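Enquirer: What would the 3D arrangement of this be:
(2 chains)
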There are 2 protein chains.
Amino acid sequence: MSFKLDEKTLQEDLKYTGDFIKVVRSRVELPDGRVGHRDIVRHPGAVAIVAIKDDGMILIVEQFRKPVEKILLEIPAGKLNAGENPMEAAKRELEEETGYGCTNIQYLGKIATAPGFCDEYIGIYKATGLTKGETDFDDDEFINLKEFRLEELKDMVRQGKIEDGKTIAALQFI
Amino acid sequence: MSFKLDEKTLQEDLKYTGDFIKVVRSRVELPDGRVGHRDIVRHPGAVAIVAIKDDGMILIVEQFRKPVEKILLEIPAGKLNAGENPMEAAKRELEEETGYGCTNIQYLGKIATAPGFCDEYIGIYKATGLTKGETDFDDDEFINLKEFRLEELKDMVRQGKIEDGKTIAALQFI
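Expert: Here you go, the predicted model:
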């Protein structure tokens, strides 16, 4: 037996508008015809960049993440600006967070970070041909730049030293 | 130069309470002493299971995800109940979503799904020694069960046929 799976929206109410997320509560028709509710976090979408230097080192940013109250190691990433081309956003975020420009950038794939309650997709890009310039952090962004080899990063995932989902997922594309 | 990265909470306001998520707006002291705000989605935490049959096939559930308006292929997963032991939750979710019990279960690691705005961690478990029983879906859960070999799953990630972040990340642990 295979279920019909779709859920039709019957009504949607805006519950909260934050700086970049919104929360809506959606009334849906379930596949069996009954009515259910889904709380949904709406997010503008984001990009993340696996930036590989000519010597093979991969750029990693270290930053405090308030929601988990922890300093995490992550690949450079950031939210899309309104109407922004994702590949341009990837180049912009790489430069802002690490100071590196790139001569080559390639789309690898995308991930839904938390599709049970959030619509965020992160586009994953690979950047090479890196050239060092100046960082330009967001006003509320504080970042330390690090670099590791791919095999080191894979070990760090297994050792629990890298917890960020997009960073772990991105390793699957390279 | 290396930044001090922590952010101290000055105030926290509850903005929305949904069925299982909450949203708070936090006023924080930034590392440079200025004041900033963070919208934070609070989530009960979850578990996900890489369940491998004796013949090497890995269980995958197909379900509609309203936030992304799409049918996704994912490893079995689910939210923690209040006070629930995560390993017990992993066994429970595996059985509810796939009908399979397991004789061996092992913790592989954890991922922060969206640490920029959400506190959700998903514990990743590997289940083997599977025995087929009955499914027991949540009231609003509609799922088709599939199975693939590990190499097929890795190909599907690169081909864009698997988009779920936790599923892609989980492959890095096995």
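
Enquirer: just the helices in chain A please.
Expert: Counting by DSSP state H, chain A forms helices over residues A:86-98, A:150-158, A:165-170, given from the N-terminal end onward.

Enquirer: what sits up against the longest one?
Expert: Defining contact as C-beta atoms under 8 Å, 6 or more residues apart in numbering or on different chains, one finds that helix A:86-98 is touched by A:45, A:47-49, A:51, A:59, A:61, A:76-78, A:80-81, A:84, A:100-102, A:105, A:107, A:123, A:125, A:127, A:133, A:135-138, A:141, A:143, A:145. All C-beta spots, glycine's among them, are computed from the backbone N, C-alpha and C.

Enquirer: wait, A:Asn144 sits on A:Val61?
Expert: Yes: shown here, A:Asn144 and A:Val61 form a contact pair, counting by C-beta atoms under 8 Å, at 7.1 Å.

Enquirer: Please check the contacts of helix A:86-98 and keep the buried ones.
Expert: For the contacts of helix A:86-98, a neighbour count by 16 or more other C-beta atoms under 10 Å in any protein chain shown gives the buried set as A:45, A:47-49, A:51, A:59, A:61, A:76-78, A:80, A:100, A:102, A:105, A:123, A:125, A:127, A:141, A:143.

Enquirer: how much space is there between the nearest residue to A:Leu30 once chain neighbours are set aside and A:Asp6?
Expert: Spatial nearest neighbour of A:Leu30, excluding adjacent residues (C-beta to C-beta, 6 or more residues apart in numbering or on different chains): A:Gly36 at 4.9 Å. The spacing between A:Gly36 and A:Asp6, counted by C-beta to C-beta, to the nearest Å, is 13 Å.

Enquirer: Which residue comes closest to the residue nearest in space to the middle of chain A once chain neighbours are left out?
Expert: Central residue check for chain A by C-alpha atoms, centre = their mean: the C-alpha nearest the mean position is that of A:Ile122, 4.2 Å away. Using C-beta to C-beta, 6+ apart and skipping the chain neighbours, the partner closest in space to A:Ile122 is A:Ala46 (4.7 Å).

Enquirer: show me what contacts the one you found?
Expert: Contact criterion C-beta under 8 Å, 6+ apart gives A:77-80, A:120-123, B:116 as the residues in contact with A:Ala46.

Enquirer: The residues you listed: which two are farthest apart?
Expert: Within these, A:Gly123 and B:Gly116 form the most distant pair, 14.9 Å apart (C-beta to C-beta).
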